[in-house]
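> Quick one: sequence and predicted model below, then my questions.
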Amino acid sequence: MNFTKKNFTLDHIRQELVRLEDSIIFALIERSQFQKNDIIYKCGGINIKEFDGSFLEYFLHELECAHAKVRRYTSPDETPFTTNLPDSVLPPIQFPKLLVPNNVNINDQLMKIYINEIVPKITDEGDDGNHGSAATKDCHVLQLLSRRIHFGKFVAEAKFNDPLLQPKYIELIRNKDKCGINDLLTNLAVEEKLLRRLRRKAAIFGAEIDGDGIPTLKEEDNKIPLDVVCDMYEKYVIPLTKVVEVEYLLERLKYYPSFVPEF
Ligand SMILES: C=C(O[C@@H]1C=C(C(=O)O)C=C[C@H]1O)C(=O)O
């Protein structure tokens with residue numbers, strides 16, 4: 001999705017977050033067909049020449065390098081938006097005012113959470129030898145989650161641009177009041193609706209379809225446990241998105257003083 005000045009609205013950005021839910025659930029279902037294959041997460045578990053780290057880190061690094069190279073040809077004028085790692089997972093920027101420095105990057109944290117808290121809940125403990133396939137699916141999930149969470153920057157920018165709220169945001173930012181900013185940007189109704197929708201989506205996307213084309217909506221037969229997706233959003237995805245939003249806003253006045261109305 002490309003943002004332009006015209007479609008850079010909170011509604012439009014939220015639509016993209018909703019769409020990303022589908023991709024994230026499917027990516028988790030894809031990963032769940034393989035066993036855990038723990039060796040891909042262990043530093044040096046698979047020996048890679050001249051690389052100190054796990055096989056997954058190596059895979060992700062190579063993938064991101066390839067994306068970054070290709071991007072130069074497809075979007076030569078684009079200035080990278082954020083992050084060391086998932087340049088490719090971020091949306092193309094067509095709204096230059098959004099180009100703030102790389103002040104927020106929670107990918108390392110995200111990788112740890114994913115390996116320790118999510119993978120064990122969607123896979124069987126074991127090694128089926130599908131190391132490359134499992135890592136491919138992991139990279140996909142991580143890129144999607146990273147994209148989703150770093151989208152918090154767009155969300156925050158859109159919220160900051162609300163003329164009614166901007167003076168309040170500016171005051172909170174000047175006071176470096178992280179809790180105050182967090183409270184102001186939190187929308188519990190949106191969060192609750194999201195969690196309800198996710199459970200439903202996980203049930204539908206993960207259902208088996210029987211020979212007559214009827215989905216078997218039995219929770220225990222679902223391809224991934226329904227709680228995993230909701231819990232992941234509730235415990236990690238939403239809070240991390242808000243961390244990104246808060247951190248983004250804390251820097252907001254430094255880089256665009258001209259944006260700030262005089263009082
Ligand atoms: C992303 C937003 O900001 C906050 C974070 C949310 C999320 O990560 O899903 C949802 C609502 C807000 O509390 C939003 O308002 O849409």
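All right, it came through fine.
> who in this structure is up against the ligand?
The chain comes close to the ligand at residues 14, 155, 185-187, 190-191, 194, 238, 241-242, as judged by C-beta under 6 Å from any ligand atom. Just so you know, the C-beta spots here come from the backbone N, C-alpha and C atoms, and that holds for glycine as well.
> Now, those residues that are in helices?
14, 155, 185, 190-191, 194, 238, 241-242 (DSSP state H).
> before we move on, the earlier item: got JSON lines for the residues of the chain next to the ligand, with pLDDT and neighbour count too?
Shown next, in JSON lines, are these (pLDDT from 0 to 100; neighbours: other C-beta atoms under 10 Å):
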{"residue": "Arg14", "pLDDT": "96", "neighbour count": "17"}
{"residue": "Val155", "pLDDT": "92", "neighbour count": "21"}
{"residue": "Leu185", "pLDDT": "98", "neighbour count": "20"}
{"residue": "Thr186", "pLDDT": "98", "neighbour count": "12"}
{"residue": "Asn187", "pLDDT": "98", "neighbour count": "14"}
{"residue": "Val190", "pLDDT": "98", "neighbour count": "12"}
{"residue": "Glu191", "pLDDT": "98", "neighbour count": "15"}
{"residue": "Leu194", "pLDDT": "98", "neighbour count": "20"}
{"residue": "Ile238", "pLDDT": "98", "neighbour count": "19"}
{"residue": "Thr241", "pLDDT": "94", "neighbour count": "23"}
{"residue": "Lys242", "pLDDT": "96", "neighbour count": "19"}
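> Distance to Ala134 added to these, as CSV?
Below are the residues of the chain next to the ligand laid out as CSV (distance: C-beta to C-beta, whole Å):
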residue, distance to Ala134
Arg14, 32
Val155, 32
Leu185, 36
Thr186, 36
Asn187, 36
Val190, 33
Glu191, 31
Leu194, 28
Ile238, 27
Thr241, 26
Lys242, 30
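> where does the residue lying closest to Ala207 once chain neighbours are set aside fall, phi/psi-wise?
Spatial nearest neighbour of Ala207, chain neighbours left out: Pro215 (4.0 Å); criterion: C-beta to C-beta, 6 or more residues apart in numbering. Phi and psi for Pro215, reported as degrees, to the nearest 10, are phi -70, psi 140.
> go on, Thr216?
Dihedral angles (degrees, to the nearest 10) for Thr216: phi -90, psi 100.
> can you pull the contacts of the closest residue to it other than its chain neighbours?
Counting by C-beta to C-beta, 6+ apart, the nearest residue to Thr216 once its immediate chain neighbours are dropped is Glu208, at 4.9 Å. Contact analysis of Glu208 by C-beta atoms under 8 Å, 6 or more residues apart in numbering lists 215-216, 221, 223.
> Now the buried members of those.
With neighbours counted by 16 or more other C-beta atoms under 10 Å, the contacts of Glu208 contain buried members at Lys223.
> export the contacts of Glu208 to JSON lines and tack on pLDDT?
Rendered in JSON lines, the data for the contacts of Glu208 read as follows (pLDDT from 0 to 100):
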{"residue": "Pro215", "pLDDT": "86"}
{"residue": "Thr216", "pLDDT": "84"}
{"residue": "Asp221", "pLDDT": "88"}
{"residue": "Lys223", "pLDDT": "94"}
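> In CSV, list the contacts of Glu208 along with distance to Lys159.
CSV is the format used below for the contacts of Glu208 (distance: C-beta to C-beta, whole Å):
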residue, distance to Lys159
Pro215, 38
Thr216, 42
Asp221, 41
Lys223, 35
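> Out of the contacts of Glu208, which comes closest to Val246?
Ranked by distance to Val246 (C-beta to C-beta), these are led by Lys223 at 34.7 Å.
> Count the residues that sit near Leu164.
Neighbourhood size, Leu164 [other C-beta atoms under 10 Å]: 6.
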